[in-house]
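**Student:** Take a look and give me a structure for this.
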Amino acid sequence: MPRASNAVLIVLTPGRALRWAPRWACSPDVVLFDASSGDYWLLSADGCTVIDWLQSEPGIDREDLLVRLHNLTPEGDALLGNLGSAGLLVGLVDGQPVRVPCAADVLD
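**Tutor:** Residues are numbered from 1 along each chain as shown. I've put the predicted structure just below:
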């Protein structure tokens, strides 16, 4: 089925070379490094799941991603917004990069 022209495809930020640190037995949180820039983030289990999904799929429609996240957290929209603000995710609309939209953007 073709995407609507205003559909937002969520992808990992181009140019990032993301690498996972070894997991800790004492915490569900994980450190993610960018080998290109030296940036690093401490991600929750839900954040790790989003990054894992996007590492295995080239991009996921924002609405489809929110449906998947609904089973993990009621705060899926905020999670995507936070990952976008952290520089890990971008949206694509008609192939052009955009900031990852959050619920407040949709309501405006």
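**Student:** Any buried residues in the longest helix seen in the chain, and which?
**Tutor:** Identified as the longest helix of the chain according to DSSP state H is helix 45-56. Within helix 45-56, the residues scored as buried using 16 or more other Cβ atoms under 10 Å are 47-51, 54. To be clear about C-beta, it is placed using only N, CA and C from the backbone, and glycine gets the same treatment.
**Student:** Surely Arg23 touches Leu32?
**Tutor:** No - Arg23 is not in contact with Leu32 according to Cβ atoms under 8 Å; the separation is 11.2 Å.
**Student:** Looking at those two, which one has more neighbours?
**Tutor:** Of the pair Arg23 and Leu32, Leu32 is the one with more neighbours under other Cβ atoms under 10 Å, namely 19 against 12.
**Student:** Pull the residues that contact the helix or strand just after the longest helix of the chain.
**Tutor:** Going down the chain from helix 45-56, the next helix or strand is strand 60-61, by DSSP states H and E. When contacts are defined by Cβ atoms under 8 Å, 6 or more residues apart in numbering, strand 60-61 is touched by residues 3, 7-10, 53-54, 68.
**Student:** Fine by me, thanks again.
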